[in-house]
Every structure is written in C-alpha cells, then in structure tokens.
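> sequence-free structure coming up:
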C-alpha cells in the first residue's frame, strides 16, 4: 500500500495542499476546526510525513544521534529504552552507534552523525576518551550535546548519570559492616572520570574505617589489543590471590567486571563468599539466580536515558547558548544478596 501524501488528504477533505500542510504544522493561519479535521484524518489513515522532504525544507532532520560503548548488555539497553521513549514522544527518531570503547571509533561515529544532519547528540564516552576536543568542535558547530552515564568534569555540558562516589562508598561500607577487612577492587583506570570517582569512594570508605592498605589491593582491568576483558580480570584476581595475605572481599567497578569476576572465581574453585565476598555494579536481571545470588549496585538506567534525552530535546527546541549546564547525579540502589553476606555469625 503506497504512503498517503498531503495531496491525498487535501483531495479527501476538499482542501488545498497548502492548507493541509499548515494544519499539520499547527500554523496560526489555520482555524482550530480545520486543524482538528486534518489531524484526525491523517491519524485515521496512518499518514507519515516525508522526513527527508521536511528536512530539506525546514533545515531539520528530526533525528538525534546516540553513541554508546556497546549495546550488548542490559544496562545500555535499558538506557536506550529511556532515550527512545522520550525521543519518540517528542517526534524524534534516534540513530544509535557503538564506539566499542575506542576513541577512534567514537570520532568516526560522531562524524557520521554530523554528516547525517542530526539535531543533537547523546553520548556515553568511550573508555579511551580523556580529551573532549572532538565534542567541543561539534558543539561549536552548533550541535547540542548531552553526556549520559559516563559523566565527566572535563567537558562542560548537561550531563546525567549516577553518584559514582557515593555508590562505591556505600558498597565498600557494606562489606566492612559485614566484617570483611581485606577488600580489593577491580577498576578500569584512574584516567576515566566515573572510574576515578568509584575508586575514590572505595578508598575513602577504607580510610574512614581505618583500613590503611589503600591502593595496594586495586587492580586495573583495561583490555588491550589481543587480550580479552576476561583475561585481564583473571590476571588481576590471580595477582590478588598470590599476595601473602589475599583479600577476603572484592568490589568490582563495572557491570562487565562484575560478571567476569564471578565467572573467573568459579573457574578458580573459589567459594563465594566463604573464600571471598563479591559485590559490584551490575544491572543484570539474573543477579538473583546466579550462584550465589550476586550483591549489586543497580543503576537507574531507564531514568538516566530518559532524563538525558529530555535535556537534549530542551536544548534543541530552545536553541541559542544555554545559561548554564546542569549535572544530574541519580542514586544507585544497593541490592544485598548472598555473595556478600556477613562473614562471621557472631
């Protein structure tokens, strides 16, 4: 069935094409009754505007670019659900691209989105992104940008994420309250802002409780060419267990580190939490059915995505230079399960 056109609507209602077009754009030149007739007929007959024609005439693409590290985990998928809902309600389509944690790939994604004329960009920066000059250049070219999930003080913009420091502090204090005293951490690198904030929360919780081993129990897990994330996690955990006094608990700083650590510990024959407790950031829906059920820091992924999209749409529709930027830090939820249960009964 061919797509209905403006002329089809005009012929059916006995109106001019110009009147129909103006009615659909809510022009002040058209009466309320005529607008209601046109809109009702268009909806009843599933009229879809020619986005490309509209783009050429109005200088608007009606699309928003979204750059994420990867779409292969539940946390990112839920953020994209939130983004899609807000954008659909506002009449925008989204173009999703993946950086695969590569700065080079991220820059390529952004160039493609710019070439496709997106009206704004939502981005969760790659693990390699520590310099934001490429984003500054896009903004100077007139493209609004909002950071989500991986917020950073190194780039001035509206941003939406979680309170990374407080979440890590809370998880570490939970382990301490459950009588764990040698708490290790797997992180992805101090040069990444959200990771450094999680590291700071962990260290401050140790200091508050007079556990002074500091960074000696931190291991960094950033895969490089030819080495998988699981290999990095395995090397880090083996290094910790080779210490004269190994850790009795492990805090993992990302969703992927959490699930990979659980897998590696099982492969090594370690009992959780008898040999080592485990808690980490994770939005997996399977946390309750893992062996053992995994204690997690659950991030409000859907809300992060939706709020970031709403902020970007606000920038697009208001136009001009914003008066100031806002960073929204939503709380993470600590879900306590068997993997970090109290070590001693009494």
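Received the coordinates, thanks. All values derive from a computational prediction rather than experimental measurement.

> mind listing the helices in this protein by residue range?
6-13, 17-24, 32-44, 51-58, 74-89, 103-115, 133-140, 164-177, 193-208, 229-241, 255-267, 301-318 (DSSP state H).

> If you count neighbours, what's buried in the second one?
Right, helix 17-24. For helix 17-24, the neighbour count (16 or more other CB atoms under 10 Å) marks 19, 20, 21, 22, 23, 24 as buried. Any C-beta I mention is one placed from the backbone N, CA and C, and that applies to glycine too.

> and the angle for it with helix 6-13?
Counting by axes from the mean of the first three to the mean of the last three CA atoms, to 10 degrees, helix 17-24 lies at 100 degrees to helix 6-13.

> Could you list every helix and strand that helix 17-24 packs against?
Contact partners of helix 17-24 among helices and strands, from 3 or more CB pairs under 8 Å, 6 or more residues apart in numbering; DSSP states H and E: helix 6-13, helix 32-44.

> any chance of these in CSV, plus distance to residue 122 and mean pLDDT?
Shown next, in CSV, are the helices and strands packed on helix 17-24 (distance: least, CB to CB, whole Å; pLDDT from 0 to 100):
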stretch, distance to residue 122, mean pLDDT
helix 6-13, 32, 89
helix 32-44, 29, 89
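
> Need the helices of the chain in a markdown table (columns: distance to residue 186).
Shown next, in a markdown table, are the helices of the chain (distance: least, CB to CB, whole Å):
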| stretch | distance to residue 186 |
| --- | --- |
| helix 6-13 | 58 |
| helix 17-24 | 54 |
| helix 32-44 | 53 |
| helix 51-58 | 45 |
| helix 74-89 | 17 |
| helix 103-115 | 22 |
| helix 133-140 | 28 |
| helix 164-177 | 12 |
| helix 193-208 | 10 |
| helix 229-241 | 6 |
| helix 255-267 | 5 |
| helix 301-318 | 21 |
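
> Which of those helices comes out lowest on mean pLDDT?
Sorting the helices of the chain by mean pLDDT places helix 51-58 lowest, at a mean of 52.

> circling back: in JSON lines: the helices and strands packed on helix 17-24, plus mean neighbour count.
What follows is those, written out as JSON lines (neighbours: other CB atoms under 10 Å):
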{"stretch": "helix 6-13", "mean neighbour count": "17"}
{"stretch": "helix 32-44", "mean neighbour count": "14"}
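
> Is it possible to get TSV of those that adds distance to residue 183?
Formatted as TSV, these follow (distance: least, CB to CB, whole Å):
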stretch	distance to residue 183
helix 6-13	65
helix 32-44	58
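
> quick one, phi psi at the residue nearest in space to the middle of the chain?
Residue closest to the mean C-alpha point of the chain, counted by CA atoms, centre = their mean, is residue 149 at 3.8 Å. As for residue 149, its main-chain torsions (degrees, to the nearest 10) stand at phi 70, psi -70.

> wait, it sits on residue 79?
Yes - counting by CB atoms under 8 Å, residue 149 touches residue 79, with 6.3 Å between them.

> Now do the shared contacts for the two.
Residues touching both residue 149 and residue 79 (CB atoms under 8 Å, 6 or more residues apart in numbering) are 124, 304.

> dump the residue contacts of residue 8.
By CB under 8 Å, 6+ apart, residue 8 lies in contact with residue 45.

> Relative to residue 302, how far out is it?
38 Å (CB to CB, to the nearest Å).

> Nearest approach to residue 295 belongs to which of the helices of the chain?
helix 164-177 (7.6 Å; CB to CB).

> Residue 22 and residue 33, how far apart?
As judged by CB to CB, residue 22 and residue 33 stand 14 Å apart.

> What is the burial count for residue 100?
By other CB atoms under 10 Å, 14 other residues sit near residue 100.
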